[in-house]
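Participant: Need a 3D model of the following:
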Amino acid sequence: MRSEEEKTAANWLKETQKGYIRIVALILLSKKPHHGYEMMREIRERTMGFWRPTSGGIYPILQDLEKSGYVKGEWDSERKRKRKTYRINQTGKIVLKRALARESQIANSMSGLFKEFMKDVLEVEPQPIAMPRRPPFFSVFLEERKEQPEDTIKIIENRRTQIENMVEELEKELGRINKRLIQLKQPRRKTMYSEVQP
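Facilitator: Here you go, the predicted model:
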C-alpha cells in the first residue's frame, strides 16, 4: 500500500505532465497541424517509446488549448471517420515562446538549488556538467525530424553519445557525493585532548 507522501508526489508529477503535454502539443503544432492520434504517435516516436500519452491525456489538453484560444480545431470529413485537426494560432505561438523561456529559467533555478544543496548540506563542491542549450525535456520536440533512416540512426547515435557523456559526468559527481556521505556518517573520533578536558 502506498503512503500518503507517495500519493502526493504521484499527483504532483501528474500535474507536471499535464503542463508538459500542453507545451509539447504547442511545439508540435508550431511545426505543422496535427490530429490527436498523430500527436500521440509522434510523441511516442520522438521519445523512443519512453513517453506514451493516451487519448485520455491528449484530447482533453487539445480541447483545453482550443477553448483557451491558443489553437484552432477543424473537422476533416473527407475520410470515412471524422477527425479534428488542430493548428496553432499567433496567441498560441506567443504562449509557447514564453512557456519555453520560463521552463529554461526553472531548469536553471533547479540546477542552482541542487548545487546549493550539494555544497551546503552534503559539503561537496559541485563540478560543472555540460548540459544541453535547450531545456532537456523539450529538445527532442524542438529538433526538426528527418525521415531518412540513415539520418535517424545518426540522430540517435549522437543523442546516445551526448547521454553517455552526461552519464559519465554524473557518475563522477555521484562518486564524490558518496565519498562525502561516507565521511559524514563515520563517527567522529575523540582526540586525546578532548578526552582529558576538565
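Participant: now the longest helix seen in the chain, how far from the chain's geometric center?
Facilitator: In the chain, assigned by DSSP state H, the helix with the most residues is helix 149-185. Its chain's C-alpha centre and that of helix 149-185 lie 16 Å apart, by CA atoms, centre = their mean, to the nearest Å.
Participant: Please report how far Asp120 lies from Asn108.
Facilitator: Separation of Asp120 from Asn108 (CB to CB, to the nearest Å) stands at 18 Å. C-beta coordinates here come from the backbone N, C-alpha and C atoms, glycine included.
Participant: What of Arg176?
Facilitator: 22 Å.
Participant: Between these two, which is the more surrounded one?
Facilitator: Counted by other CB atoms under 10 Å, Arg176 and Asn108 do not tie: Arg176 has more neighbours, with 16 against 12.
Participant: Any figure for the gap between that one and Leu170?
Facilitator: Distance from Arg176 to Leu170, by CB to CB: 11 Å.
Participant: ok, now Leu26?
Facilitator: Leu26 is 30 Å from Leu170, where distance means CB to CB.
Participant: Trp12 too?
Facilitator: 24 Å.
Participant: What of Asp76?
Facilitator: The value you get for Asp76 to Leu170, if CB to CB is used, is 46 Å.
Participant: mind showing which ranges of this protein have poor pLDDT?
Facilitator: 1, 78-79, 118, 121-124, 126-152, 155, 188-198 (pLDDT under 70).
Participant: go with 80
Facilitator: 1-2, 10, 13-19, 47-50, 77-81, 103-160, 162, 165-166, 169-170, 187-198 (pLDDT under 80).
Participant: Where do the strands of it begin and end?
Facilitator: For the chain, the strands defined by DSSP state E cover 34-35, 71-76, 83-88.
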